[in-house]
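Q: how would this look folded up:
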Amino acid sequence: MVPEQSSPVRLAFPELGDGELAAVAEVLADGQLTMGPRVDEFEALLAQAAGTTHAVAVSSGTAALHVAVLALGIGPGDDVLVPAYTFPATANVVALAGGRPVLVDVDPVTMNIDAEDAARRLTPNTKAILAVHLFGRPARLEELPDEPILEDAAGALGASHGGRPCGSLGLLACFSFHPRKIVTTGEGGAVTTDDDLIAERVRSLRHHGWSPSDTYVDMPQPAFNYRLSDVLAALGIPQMRRLDELLAQRERIAAGYAERLADLDVVLPAADEGDRHGWQAYVVQVDRRDEVMAGLRAQGIQCQIGTYALHHLGAYRDQGPFPGADAAFERALALPLHGRLTDADLDRVADALDKLVSHH
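A: So this is what the prediction gives:
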């Protein structure tokens, strides 16, 4: 039994080291702090990983979603289907563009968008489906109604579905490089696509509305400053280069959890047969989640709810009911997941859970 006062098991820990330090020092030495060669290099590595022609880096995952929605031409009078169980930014960007986020239930096991419910909620004004690969589990996009698909791949860098990388499955996709993600730039995001016109629009939207194709001489429309600095891009480059290694490390930890938790009354996360999970978070489902979460925290094990049921938030009330989203929201629990976890840490988490949940 581990004594109570032992050091906490951290929920997340970014994979930063000497390589990142050296990369940032280089940027500081050459003085080109924003929209310089590092952003280009980071984008090239990302496009390669996502299997797309274009990757456009921006200042956050939310900025990526915002410009992606605008690049699709979504505005007042347009509906976009959004899962009812996701981080609120997924719906917020649609509302901020003037569109209407139409909530769709999720499958209570995969916690991803429910294709049958999506089909039921189509309207004559539906312009796109914003499908989330939640926690890194690839969503079954091929089952969704035939509308333009925007992938929220915030947690799915390195994941793949049907042999193709997440980020290349829809018309366009968005990534996040927040510190809880597998690759982090502190804050940052990106849009990936094979569509030249969409990439052009995104590049214009992130840079005040200047037009990249006329080498920024004309500004056809006003837009944002959503650029990513070279300092932050430099942080991401060494991690992008070892993305496979970072994902393999998380896969080992996920396998370690699966082995230790197999006999407990806990629903373990997994991907569909043949898919590769992105393991942005290790999210189990348990009964009496809040009680279990409090019990783990009392023993110095950091943990967190999965994410939010949007129809319980003031901004999106009264769209329900969404039984799948409710079930996921009430049961999902994110356990510690990062490269510094030791076997002893995993044992400690498993032992604590063992005492808090019932057995099969």
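
Q: going forward, measure contacts between C-alpha atoms and count neighbours the same way
A: Noted.

Q: Please enumerate the strands of the chain.
A: Secondary structure of the chain by DSSP state E: the strands cover 54-58, 79-83, 100-104, 126-132, 149-152, 160-161, 164-165, 172-176, 189-193, 282-285, 304-305, 332-335.

Q: CA atoms only for the first one, dumped as PDB, please.
A: Listed in PDB are the C-alpha atoms of strand 54-58, where the atom choice follows Å, rounded to 0.1, in the frame of the first residue of the first chain:
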ATOM      1  CA  HIS A  54      -1.800  21.400 -46.700                       C
ATOM      2  CA  ALA A  55      -1.400  22.100 -43.000                       C
ATOM      3  CA  VAL A  56      -1.900  25.700 -41.800                       C
ATOM      4  CA  ALA A  57      -0.700  26.400 -38.200                       C
ATOM      5  CA  VAL A  58      -2.700  28.800 -36.000                       C
END
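
Q: chain center to stretch 322-330, what's the gap?
A: 19 Å (C-alpha atoms, centre = their mean, to the nearest Å).

Q: In this structure, where is pLDDT below threshold?
A: 1-5, 359-360 (pLDDT under 70).

Q: picking up where we left off before, put together JSON lines for the strands of the chain, with distance to Val231 on each row.
A: Conversion of those to JSON lines gives the following (distance: least, C-alpha to C-alpha, whole Å):
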{"stretch": "strand 54-58", "distance to Val231": "13"}
{"stretch": "strand 79-83", "distance to Val231": "33"}
{"stretch": "strand 100-104", "distance to Val231": "34"}
{"stretch": "strand 126-132", "distance to Val231": "29"}
{"stretch": "strand 149-152", "distance to Val231": "25"}
{"stretch": "strand 160-161", "distance to Val231": "29"}
{"stretch": "strand 164-165", "distance to Val231": "27"}
{"stretch": "strand 172-176", "distance to Val231": "16"}
{"stretch": "strand 189-193", "distance to Val231": "14"}
{"stretch": "strand 282-285", "distance to Val231": "29"}
{"stretch": "strand 304-305", "distance to Val231": "30"}
{"stretch": "strand 332-335", "distance to Val231": "30"}
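
Q: okay, those in CSV with mean neighbour count and distance to Ala255 next?
A: What follows is the strands of the chain, written out as CSV (neighbours: other C-alpha atoms under 10 Å; distance: least, C-alpha to C-alpha, whole Å):
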stretch, mean neighbour count, distance to Ala255
strand 54-58, 28, 31
strand 79-83, 27, 28
strand 100-104, 25, 31
strand 126-132, 25, 23
strand 149-152, 26, 25
strand 160-161, 22, 18
strand 164-165, 18, 21
strand 172-176, 30, 24
strand 189-193, 30, 28
strand 282-285, 24, 10
strand 304-305, 18, 20
strand 332-335, 23, 13
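
Q: Looking at those strands, spot the one closest to Pro138.
A: strand 160-161 (5.9 Å; C-alpha to C-alpha).

Q: still on that earlier bit, looking at the strands of the chain, which is nearest to Asp351?
A: Asp351 sits nearest to strand 332-335 of all those, at 13.0 Å, using C-alpha to C-alpha.

Q: Give me the residues contacting the closest one.
A: Outside strand 332-335, the residues that touch it by C-alpha atoms under 8 Å, 6 or more residues apart in numbering are 11, 281-286, 289, 293, 302-307.

Q: Closest one of those residues to Asp114?
A: Thr307 (16.7 Å).

Q: quick one: that closest one and Ala84 touch, right?
A: No - with contact defined as C-alpha atoms under 8 Å, Thr307 does not reach Ala84; the gap is 10.4 Å.

Q: nearest spatial neighbour of Phe256, skipping sequence neighbours?
A: Careful, residue 256 is Gly; it's not Phe. Of all residues not flanking Gly256 in the chain, Leu346 sits nearest, at 7.2 Å (C-alpha to C-alpha, 6 or more residues apart in numbering).

Q: Hmm, I typed the wrong one, I wanted Glu251.
A: Trp279 (7.2 Å).

Q: Count the residues that sit near the one you found.
A: 30 (other C-alpha atoms under 10 Å).

Q: what's the answer for Thr123, then?
A: Thr123 has 13 nearby residues by other C-alpha under 10 Å.
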